[in-house]
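Novice: Sequence first, then the predicted structure:
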Amino acid sequence: MSSGPISPYHFMFNVLIVFGLVWIFSELIFRYGARLAMQIYNDDTAKLEEAIGSDVPETPAAAKRRLRAERRQQIEQSLPIGYNILWYGVGGLWLLAGILQAQPMMFTHSFVSGVLGSAANVQIPALLSWQHGLMEFWSKDPVKCNIDSLTIQLFIGALLLVYRKNPWIGPTALGASIIWGTLVWAFGEGFGNTFANGASFIMQGTPGGVLMYVLAAVLLMLPKRWWIEGYIRTIGLWMLISLWVLGVLWQIAPVNGYWSAAEWRSALTSELQMSQPHWVASGIDSFMSVVTAHPVLVNAIASALMLAVAVLLYFQRTRHVAVVVSLVFLFFAWWMGQDFGVLGGLGTDVNLAPLVALFMLSFVEFGKSRRRQRVSRLSHQQA
């Protein structure tokens, strides 16, 4: 019995099944082999100790390995919780991006016109010819290009989630995240609309969610000692303050048009045209009714809230308040302004708001190293 040509989505489903089975099988073999080797080593050592009736003298190489392992354990115990939150958060979001890339519309020319074409509209002139070249190349075989893209993203996410403590694979996955993320930010997001009219932290997700993947990977690649000493937390805090201030500047800039109803209506109407649950569309429609009737008031309130978060982050005693205010603000921005990022069949990532929330939790709420927290508690007890 003959069968018709397999659909791209069915083919990708089969690829994902094979990928998952190979991954699980390889992981089981690796873990079982490592455990078996350690068991054999321990048994041989125990037999040797029993034969000579005393402890086996530790060789210099063994002592060096033991000290290195103890040092790694001490570092892991001293790292701030925010380090793990950021690492696994980025890994999970890369995995989600790969899954989203497997949506049926991604295998069609709709991806070229809807995603790459939108990026071309806001692309900087220096890269516009490259953008058009990429669109032409992708149009020749959208199925193969999409499979390559989602495979890269799935591998980055899976490696980050499984091999955080591996001294080679983990940093390699971070390096891949930086390289691939930069390419996606430039040619898939058009630099997050940063260099075009209409830039907005709220409505356009400026400067782009994928840029946050890149920045997170860069910070995670820096020495762990810097995380423990608090240097990375300071860098992360200043990055967040700068981002919130830039959000204010983009929102109040007259050239971006958010003091009038036209820009709001244009952006929100585009969101409503996408396929989405009724409750999501209903909320956006209600927000559009309010903002088109009172654009100056809404823009002033939104700008004031972003500025308030930046100011609250600056002062140590008010940072917890900044986290609460920002999470509420980011949820509404993610819903009303960014349409949850993943809806419509061509959503390739969750957009900016969840990434900013991840940074807020990683650097503000859980950014202090556990060693410093213990020292602080001991100081308070002695006082």
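Specialist: Happy to help now that I have it. Treat the numbers as computed from the prediction; the structure is a model and nothing was measured.

Novice: mind listing the strands for the stretch 51-200 of the chain?
Specialist: Ranges of strands in the stretch 51-200 of the chain, per DSSP state E, counting those that start in this stretch: none exist.

Novice: Report the buried residues of stretch 99-112.
Specialist: Neighbour-count burial for stretch 99-112, counted by 16 or more other C-beta atoms under 10 Å, picks out Leu100, Gln101, Ala102, Gln103, Met105, Met106, Phe107, Thr108, Phe111, Val112. Glycine gets a C-beta too; all of them are placed from N, C-alpha and C.

Novice: and if you look at stretch 229-240?
Specialist: Buried residues in stretch 229-240, counted by 16+ other C-beta under 10 Å: Ile232, Arg233, Ile235, Gly236, Leu237, Leu240.

Novice: mind listing which of those are in helices?
Specialist: In this view, the buried residues of stretch 229-240 that belong to helices under DSSP state H are Ile232, Arg233, Ile235, Gly236, Leu237, Leu240.

Novice: now, among those residues, which is nearest to Ile124?
Specialist: Leu240 (25.5 Å; C-beta to C-beta).

Novice: so how far is Ile169 from the closest one?
Specialist: As judged by C-beta to C-beta, to the nearest Å, Leu240 and Ile169 stand 29 Å apart.

Novice: same thing with Leu358?
Specialist: In terms of C-beta to C-beta, Leu358 sits 22 Å off from Ile169.

Novice: For the two, work out which one has more neighbours and name it.
Specialist: Leu358 (22 against 14; other C-beta atoms under 10 Å).

Novice: contacting residues for the more buried one?
Specialist: Taking C-beta atoms under 8 Å, 6 or more residues apart in numbering, we find Leu358 in contact with Ile85, Leu86, Gly89, Val90, Leu93, Met212, Ala216.

Novice: Just the element for it, please.
Specialist: helix 352-360 (DSSP states H and E).

Novice: export that helix as CSV, just CAs?
Specialist: C-alpha atoms of helix 352-360 as CSV (Å, rounded to 0.1, in the frame of the first residue of the first chain):
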residue,chain,number,x,y,z
LEU,A,352,11.0,40.1,27.0
ALA,A,353,8.8,40.3,30.1
PRO,A,354,9.5,36.7,31.5
LEU,A,355,13.2,37.2,30.9
VAL,A,356,13.2,40.5,32.9
ALA,A,357,11.3,38.7,35.7
LEU,A,358,13.9,35.9,35.6
PHE,A,359,16.7,38.5,36.0
MET,A,360,14.8,40.3,38.8
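
Novice: For that helix, the averaged confidence score.
Specialist: Helix 352-360 shows a mean pLDDT of 97.

Novice: which stretches of the stretch 1-150 of the chain form helices?
Specialist: Ranges of helices in the stretch 1-150 of the chain, per DSSP state H, counting those that start in this stretch, are 8-52, 60-78, 81-100, 110-111, 117-121, 125-140, 142-162.

Novice: Sorry, slip of the keys, the one I care about is the stretch 151-300 of the chain.
Specialist: For the stretch 151-300 of the chain, applying DSSP H, counting those that start in this stretch gives helices covering 169-183, 209-221, 224-229, 231-252, 261-272, 278-293, 295-314.

Novice: quick one: Ala196 and Val122 touch, right?
Specialist: Yes: counting by C-beta atoms under 8 Å, Val122 is a contact partner of Ala196 at 3.8 Å.

Novice: List the residues that are in contact with both of the two.
Specialist: Joint contacts of Ala196 and Val122 (C-beta under 8 Å, 6+ apart) are Gly190.

Novice: Could you check which of the two is surrounded by more residues?
Specialist: Using other C-beta under 10 Å as the criterion, Ala196 and Val122 rank with Val122 on top: 20 against 16.

Novice: What is the burial count for the nearest residue to Gly247 once chain neighbours are set aside?
Specialist: Once flanking residues are discounted, Gly247 sits nearest to Phe201: 3.3 Å by C-beta to C-beta, 6 or more residues apart in numbering. Counted with other C-beta under 10 Å, the neighbours of Phe201 add up to 28.

Novice: picking up where we left off before, select, out of the helices of the stretch 151-300 of the chain, the one closest to Ile152.
Specialist: It's helix 169-183; of the helices of the stretch 151-300 of the chain, that one is closest to Ile152 (C-beta to C-beta) at 5.7 Å.

Novice: Let's test this: mean pLDDT of the closest one, rounded?
Specialist: pLDDT averaged over helix 169-183 gives 95.

Novice: Could you shift the numbering so residue one becomes 12, and keep it that way?
Specialist: Noted, 12 is the first residue going forward, which turns the last one into helix 180-194.

Novice: Who are the packing partners of it?
Specialist: Using 3 or more C-beta pairs under 8 Å, 6 or more residues apart in numbering; DSSP states H and E, the elements in contact with helix 180-194 are helix 92-111, helix 153-173, helix 220-232.

Novice: Now mean pLDDT too, for these, in JSON lines please.
Specialist: Supplementary listing: the helices and strands packed on helix 180-194 in JSON lines, determined by pLDDT from 0 to 100:
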{"stretch": "helix 92-111", "mean pLDDT": "95"}
{"stretch": "helix 153-173", "mean pLDDT": "92"}
{"stretch": "helix 220-232", "mean pLDDT": "97"}
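
Novice: Tabulate these in JSON lines, adding columns for distance to Ala311.
Specialist: Below are the helices and strands packed on helix 180-194 laid out as JSON lines (distance: least, C-beta to C-beta, whole Å):
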{"stretch": "helix 92-111", "distance to Ala311": "32"}
{"stretch": "helix 153-173", "distance to Ala311": "39"}
{"stretch": "helix 220-232", "distance to Ala311": "26"}
